[in-house]
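Engineer: structure here, sequence nowhere to be found:
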């Protein structure tokens, strides 16, 4: 296959005319597992600048991201915060501050964060970033500065495949009532409301809650309980394809490792847990339902090992991500762009017959 033909295949569209054929500097390949596809772009020479190449070929990169939902830039030696931030800047949409938080992160530069700072011996279940929230990013980016000495991969999962995998009756039930997310913010267990909402003031939390559709309750010990109902699935805003997009499995108490789950259930009442999920009408989600959802994520995941300098771009509404346990030092940065409001997320209830 010629370089020009290969480039057309990557983009799905005819490239614009250019004074130089910059695509000649890039090798393109794909990895595939369980219906999830990762496009891998690598330079043919060490002198290729990823920032310059993306700036020239942004239309082609955008088309590839729209098709597979996942593009890995490998071998470009993006090895610090500044070049990563520059790469991210060439993608469309405004930067997104990490608000309505559910996991600990550190901001290392303006809107550049560490990946989730959970203990290294714990896995993180597949999820679409902030799918429980009022606003989430359309795009999320990762940059590996230091890969773990063992483990630490970031599995990815195409949520179009997850949607098709789940029993239609379960999908319809969720589509009818949505998902209720119950969260308790405490200084002792889980995340405090100060960190989650990035403020010290009750009135700002209440203002955020009102605009985002949260209900909330303050407790005498300065704890906060919030609950919110969101959609479980819908249609991708660009392609119209049905996607499974929620934190129902991620937040459900049964997804936690058994030792952590048992400890929490011993110490706390169910309505005091840091996170839990229910059907949108408040009824419990049966464990067998959550188990089926979990199995669909795991059946369609693709796992690749990080290398130093890797940059991964994901369409956050097409592809979920996770983390495997690891040993040694691991440093992965994260940036989010192109905020999308939950009110704009179209239901797929009336178009089941398309599947």
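Structural biologist: Looks like it came in fine. What you see is a predicted model, and the numbers here were worked out from it, not measured in a lab.

Engineer: any weak-confidence spans in this protein?
Structural biologist: Where the chain drops to pLDDT under 70, the residues are 1-23, 98-104, 349-355.

Engineer: recalculate using a threshold of 50.
Structural biologist: The chain contains residues with pLDDT under 50 at 1-22, 352-353, 355.

Engineer: could I get the full set of helices for it?
Structural biologist: 3-11, 50-56, 58-68, 81-89, 159-165, 168-177, 193-197, 202-212, 248-251, 258-267, 287-299 (DSSP state H).

Engineer: pick the most buried one from the ones you listed.
Structural biologist: helix 248-251 (a mean of 25; mean count of other Cβ atoms under 10 Å). Yep, even glycine has a C-beta here, placed from its N, CA and C like the rest.

Engineer: who touches it?
Structural biologist: By Cβ atoms under 8 Å, 6 or more residues apart in numbering, the residues outside helix 248-251 that reach it are 102, 125-127, 132, 174, 179, 181, 183, 232, 255, 275-277, 285, 290, 293-294, 297.

Engineer: redo that, cut-off 7 Å
Structural biologist: Helix 248-251 is contacted by residues 125, 127, 132, 179, 181, 232, 255, 275-277, 285, 290, 293-294, 297 when judged by Cβ atoms under 7 Å, 6 or more residues apart in numbering.

Engineer: nearest to residue 150 among the residues you listed?
Structural biologist: residue 125 (20.2 Å; Cβ to Cβ).

Engineer: around the closest one, how many other residues sit close by?
Structural biologist: 18 (other Cβ atoms under 10 Å).

Engineer: show me what contacts it?
Structural biologist: So residue 125 contacts 249-250, 255, 322 (Cβ under 7 Å, 6+ apart).

Engineer: thinking again about what came up before, and of the helices of the chain, who's closest to residue 223?
Structural biologist: helix 193-197 (8.0 Å).

Engineer: before we move on, back to that, closest to residue 120 among the contacts of residue 125?
Structural biologist: Using Cβ to Cβ, these come closest to residue 120 at residue 322, 14.5 Å.

Engineer: quick one: the closest one and residue 129 touch, right?
Structural biologist: No. Counting by Cβ atoms under 7 Å, residue 322 stays clear of residue 129, with 11.5 Å between them.

Engineer: who has more neighbours out of the two?
Structural biologist: Set residue 322 next to residue 129 and count neighbours by other Cβ under 10 Å: residue 129 wins out with 23 against 19.

Engineer: surely the more buried one is in contact with residue 139?
Structural biologist: No. With contacts counted by Cβ under 7 Å, residue 129 stays clear of residue 139, the gap being 9.6 Å.

Engineer: touching both of these two, which residues are there?
Structural biologist: Residues touching both residue 129 and residue 139 (Cβ under 7 Å, 6+ apart): residue 316.

Engineer: residue 186 and residue 93: what is the separation?
Structural biologist: Residue 186 sits 34 Å away from residue 93, taking Cβ to Cβ, to the nearest Å as the criterion.

Engineer: between those two, tell me which one has more neighbours.
Structural biologist: For residue 186 versus residue 93, the count of surrounding residues by other Cβ under 10 Å is larger for residue 186: 18 against 13.

Engineer: you'd agree the more buried one is up against residue 223?
Structural biologist: Yes. Counting by Cβ under 7 Å, residue 223 is a contact partner of residue 186 at 4.9 Å.

Engineer: dump the residue contacts of the closest residue to residue 150 other than its chain neighbours.
Structural biologist: Once flanking residues are discounted, residue 150 sits nearest to residue 327: 4.3 Å by Cβ to Cβ, 6 or more residues apart in numbering. By Cβ under 7 Å, 6+ apart, the contact set of residue 327 is 120, 148-151.

Engineer: please redo it, this time with the cut-off set to 8 Å
Structural biologist: For residue 327, the residues meeting the contact criterion (Cβ under 8 Å, 6+ apart) are 120, 148-152.

Engineer: and of those, the nearest to residue 60?
Structural biologist: Nearest member of these to residue 60, counting by Cβ to Cβ, is residue 152, at 30.1 Å.

Engineer: circling back to that earlier point, what is the nearest of the contacts of residue 125 to residue 211?
Structural biologist: For the contacts of residue 125, the residue nearest residue 211 by Cβ to Cβ is residue 250; the value is 23.6 Å.

Engineer: distance of that closest one from residue 305?
Structural biologist: Distance, residue 250 to residue 305, by Cβ to Cβ: 23 Å.

Engineer: spatially nearest residue to residue 69 (excluding sequence neighbours)?
Structural biologist: Here the nearest residue to residue 69 in space, its sequence neighbours aside, is residue 318; by Cβ to Cβ, 6+ apart that works out to 3.2 Å.

Engineer: all set now, cheers.
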